[in-house]
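Enquirer: coordinates for the following, if possible.
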Amino acid sequence: MVQIKKWLKKVTDKVTFTRSLKVNVVTGAVVDSNVAWTSNDTTFDAVTSPLVKGYILKADQGSQDGLVTVGGTSVVESRELKATSENQNVKVMYTKLGSWVLTPPTGVIPPEGSNFDPKTVSK
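Expert: Here you go, the predicted model:
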């Protein structure tokens, strides 16, 4: 797999959870440890995979636990994240497109006027 990091930007989405705990100043013990975690954002947004000239999204790259759509065209949205949700590290892979090399099958002679020159085929 070819790495094309120089053309693509890394996309990062961050969700932060906070909570406030009360501590007994004499004993240092937490007064109530059942305080809920809160966040203003509990969603990792969907991201569309960009088109890259000379490359194609790798087919069958796997769903990465359902996070990548079939064909790798986008990373799906993850909703209702909780403070205990796992980090999601997703890699969308590309494959370099090949080049057409026109070579007639063995024993086949190109028709006259086709301008076929086997010395310049791979250029």
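
Enquirer: where exactly do the strands run in the protein?
Expert: When assigned using DSSP state E, the strands of the chain occupy the ranges 47-48, 55-57, 74-75, 94-96.

Enquirer: the nearest residue to residue 67 once chain neighbours are set aside: what's it in contact with?
Expert: In space, not counting the residues next to it along the chain, residue 67 is nearest to residue 90; the distance is 5.1 Å by C-beta to C-beta, 6 or more residues apart in numbering. Just so you know, the C-beta spots here come from the backbone N, C-alpha and C atoms, and that holds for glycine as well. If a contact means C-beta atoms under 8 Å, 6 or more residues apart in numbering, then residue 90 has 64, 67-68, 75 as its contacts.

Enquirer: cutoff 6 Å now
Expert: Remark: with contacts taken as C-beta atoms under 6 Å, 6 or more residues apart in numbering, residue 90 is in contact with 64, 67, 75.

Enquirer: what pLDDT does it get?
Expert: Confidence at residue 90, expressed as pLDDT, is 81.

Enquirer: one more: the one 5 residues further on?
Expert: Per-residue confidence at residue 95 stands at 78 (pLDDT).

Enquirer: would you confirm that it contacts residue 52?
Expert: No - the pair residue 95 / residue 52 is not scored as a contact, 10.4 Å apart, by C-beta atoms under 6 Å.

Enquirer: gap between residue 14 and residue 96?
Expert: Counting by C-beta to C-beta, to the nearest Å, the gap from residue 14 to residue 96 is 32 Å.
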